[in-house]
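Trainee: A predicted structure for the sequence below; I have some questions about it.
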Amino acid sequence: MEASTRAIVKLRTKCLEKGPAGIKGLVRHLRILAHEKNQSLDLEEFLKGLQAAGFSLEWEEAQQIFSLCDKSQSGMLDFTEFLEALRPPMSEARKKVIGEAFRKLDKTGDGLVTVEDLQGVYQSQAHPKFKSGEWTEEQVFRSFLDSFDSDKDGKVTAEEFLNYYSGISASIESEEYFEAMLRAAWRL
């Protein structure tokens, strides 16, 4: 196996050890750094982001991952290519059912899931904190969105939704079970 492939598999494994939030947490740290620097990261910033998210890799491994994802050789990290390399491989069937669930949530069809999209889809009244009067309906919705929202901007993109489910997908071997689970969860 090529060194850069081994390095990305090692990072993926470390992310998955942290559960579904592993990839999401790493991406959140990298995006914070990227927002400070025009939506892109150089190798040094990438290393800082890895360390801030609690992922210790050898400098050479981080450099191999960076080079693998910097296909344009610009010296800057492309988030889309990085995420595609980092995500555990998923079948087209899994991606399709994840897409169906996202489209069901995206009531406005604008490619983003927001609090407004959740009204009438997510039953906030069943949430214990809503029942106790501790939270409003909007707080319940925001808490739910935060499960998927890696940059905490109140909007969930299809990419963020896919990243969330890629961690879950990695722990489920059966195609049939994964699809049945999502169909039941989202009433597809």
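Mentor: Ah, there it is. None of the values given here were measured: they were computed from a predicted structure. Residues are numbered from 1 along each chain as shown.
Trainee: Show the residue spans covered by the strands in the chain.
Mentor: Remark: strands assigned in the chain by DSSP state E are 112-113, 156-157.
Trainee: looking at those strands, which has the lowest confidence?
Mentor: Looking at those, the lowest mean pLDDT belongs to strand 156-157 (a mean of 92).
Trainee: Would you reformat the strands of the chain as JSON lines and include distance to residue 94?
Mentor: No exception for glycine: its C-beta is placed from N, CA and C like everyone else's. As requested, the strands of the chain are exported to JSON lines (distance: least, CB to CB, whole Å):
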{"stretch": "strand 112-113", "distance to residue 94": "19"}
{"stretch": "strand 156-157", "distance to residue 94": "18"}
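Trainee: Grab the nearest non-local neighbour of the residue nearest in space to the middle of the chain.
Mentor: Centrality entry for the chain: nearest residue to the mean C-alpha point is residue 163, 2.9 Å, by CA atoms, centre = their mean. Of all residues not flanking residue 163 in the chain, residue 23 sits nearest, at 5.3 Å (CB to CB, 6 or more residues apart in numbering).
Trainee: Just list the residues touching that neighbour, thanks.
Mentor: 12, 15-16, 83, 86-87, 163, 166-167 (CB atoms under 8 Å, 6 or more residues apart in numbering).
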